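> generate a structure from the sequence data that follows.
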Amino acid sequence: MAGKNGKQKTARDMILSMGIIVLVAGFVYLFIPHDDSAPDVKAVDYRVELLTARRAASYPVAAPQGLPDAWKATSVRFQGDKFDAWHLGFHDPEGEYVAVEQSTQRRPVFLDEATQGAQETGKTEKIGDGTWTRYEGGRYDALVLEGTKGSTTVVTGTASFAQLTKMAEALRTK
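The predicted structure follows:
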């Protein structure tokens, strides 16, 4: 009889312990502050890399001018040893990602990488002095500048085509 009572007592103690753990966890969750907001995006200064890229690249390197302060540059790199690849990433005012990508890599290979597999739609639009072709994809959409020789320019990201167009409008090579 003593063995049976001991097993019941052990099961009861385990249930009581679990109840206390659940209560403490609930208390911690409810009363300890936690921040569910998106983290602040850290802006980067890309001026030095832009000057370096413009001196070293075999094509006119593009960067935006005149974008509102709500557009934050978040990443920049120039890889002269990898097809003069220029990358400039932004966080747009709507919280989406927009990037300017340029390279001398073979166009089909570069477009597949830069747009993350987006497909040409056949739609073109005049933006500034250039004609841009729309690409749509599962992850990124893109605008691709037509008529450039020796390099390919892409504005791509998770942002809407309206935001991609704003970036394309702001691009300057001087």
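> which residue is nearest the centroid of the protein?
Of all residues in the chain, the one closest to the mean position by Cα atoms, centre = their mean is residue 97, 4.0 Å from it.
> from the chain's centre, how far out does stretch 10-17 sit?
Stretch 10-17 sits 50 Å away from the centroid of its parent chain (Cα atoms, centre = their mean, to the nearest Å).
> do stretch 163-170 as well
How far stretch 163-170 lies from its chain's middle: 16 Å, per Cα atoms, centre = their mean.
> then stretch 78-93?
With Cα atoms, centre = their mean as the basis, stretch 78-93 stands 12 Å off its chain's centre.
> tell me the spacing between residue 140 and residue 24.
Distance, residue 140 to residue 24, by Cβ to Cβ, to the nearest Å: 45 Å. Any C-beta I mention is one placed from the backbone N, CA and C, and that applies to glycine too.
> what about the chain, any weak spots by pLDDT?
Counting by pLDDT under 70, the ranges of the chain that qualify are 1-8, 35-39.
> who has more neighbours, residue 140 and residue 24?
residue 140 (21 against 10; other Cβ atoms under 10 Å).
> wait, that one touches residue 119, no?
No. In this structure, residue 140 is not within contact of residue 119 by Cβ atoms under 8 Å, at 11.1 Å.
> show me what the residue nearest to the centre of the chain is bridged to.
Under DSSP bridges, the beta-bridge partners of residue 97 are residue 91.
> run through the residues that contact it.
Residue 97 makes contacts with 89-91, 157-159, as judged by Cβ atoms under 8 Å, 6 or more residues apart in numbering.
> likewise residue 152?
Counting by Cβ under 8 Å, 6+ apart, residue 152 has contacts 102-105, 107, 110-111, 114, 144-145.
> a markdown table please, covering those and showing neighbour count.
Below are the contacts of residue 152 laid out as a markdown table (neighbours: other Cβ atoms under 10 Å):
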| residue | neighbour count |
| --- | --- |
| 102 | 29 |
| 103 | 24 |
| 104 | 17 |
| 105 | 17 |
| 107 | 13 |
| 110 | 20 |
| 111 | 23 |
| 114 | 25 |
| 144 | 25 |
| 145 | 21 |
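> just put those residues in a markdown table and tack on distance to residue 84 and secondary structure.
Shown next, in a markdown table, are the contacts of residue 152 (distance: Cβ to Cβ, whole Å; DSSP: H, G, I helix; E, B strand; the rest coil):
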| residue | distance to residue 84 | secondary structure |
| --- | --- | --- |
| 102 | 8 | strand |
| 103 | 6 | strand |
| 104 | 5 | coil |
| 105 | 9 | coil |
| 107 | 14 | helix |
| 110 | 11 | helix |
| 111 | 16 | helix |
| 114 | 14 | helix |
| 144 | 17 | strand |
| 145 | 16 | strand |
